[in-house]
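J.: heads up, no residue letters with this:
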């Protein structure tokens, strides 16, 4: 699938990537992802999907803990989360710890109102990824996990109905393993490979990462990144 043939769900998100290798003995790459999309509801309507455990679990997956400023959460894949700042209904700043002993990773989610009553949602995550993992899978291994999270949020809220001209499918493991899911995975992987090349990754490495990431999601279900990053 070429960039010009991407499905509407893929076109509903704008992407930006920064990558740099961190100094130190562990050979770690910082990959900073920014995903921006427009959802049809106002920030106050969307906020409960981020700030209430029962609503968050409807689209993000099983979550436990205290969803408040200073609270801690246990997220799917064994990821631990600390909530640093809450500014309802517009901003949440968090720290993710993907595995015991790993460095905390900053995550910010912003909801900004648009003039037509919709919301511009911006998700910014700086992931610390081992260089061998980046070399094999590229940035798409982590980034596509956020792509899927946004699809699930859009499916739960109907927030992309206007942009996609239809209801958004819930990206289950079965969907990802099927024809439609495979098309979307390849389109997302192409986009993140292009982002990688734009920040200096050579084309051979970027295309290999594209293929390996698609294979990992097709075989591993919803989000293989937490397991493969360990």
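T.: Good, I have the coordinates. Since this is a predicted model, take the numbers as computed values, not measurements.
J.: Show me what the helix or strand harbouring residue 207 is packed against.
T.: Residue 207 is located in helix 203-220, with elements delineated by DSSP states H and E. Secondary-structure packing of helix 203-220 (3 or more C-beta pairs under 8 Å, 6 or more residues apart in numbering; DSSP states H and E): helix 131-137, helix 140-157, helix 173-177, helix 179-198, helix 225-228. In short, each C-beta sits where N, CA and C put it, glycine included.
J.: If we use 6 Å, what do you get?
T.: helix 131-137, helix 179-198 (3 or more C-beta pairs under 6 Å, 6 or more residues apart in numbering; DSSP states H and E).
J.: Could I get these in a markdown table, plus columns for mean pLDDT?
T.: Formatted as a markdown table, these follow (pLDDT from 0 to 100):
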| stretch | mean pLDDT |
| --- | --- |
| helix 131-137 | 94 |
| helix 179-198 | 97 |
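J.: Output the lowest mean pLDDT helix or strand found in this protein.
T.: In the chain, no helix or strand scores lower on mean pLDDT, DSSP states H and E than helix 225-228, which sits at a mean of 61.
J.: returning to that earlier point: distance to residue 116 and mean neighbour count added to the helices and strands packed on helix 203-220, as CSV?
T.: As requested, those are exported to CSV (distance: least, C-beta to C-beta, whole Å; neighbours: other C-beta atoms under 10 Å):
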stretch, distance to residue 116, mean neighbour count
helix 131-137, 38, 18
helix 179-198, 26, 20
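J.: Can you lay out the ones you listed as a markdown table showing distance to residue 162?
T.: Formatted as a markdown table, the helices and strands packed on helix 203-220 follow (distance: least, C-beta to C-beta, whole Å):
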| stretch | distance to residue 162 |
| --- | --- |
| helix 131-137 | 33 |
| helix 179-198 | 19 |
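J.: I'd like to know which of those is closest to residue 6.
T.: The closest of the helices and strands packed on helix 203-220 to residue 6 is helix 179-198. By C-beta to C-beta, the value is 4.6 Å.
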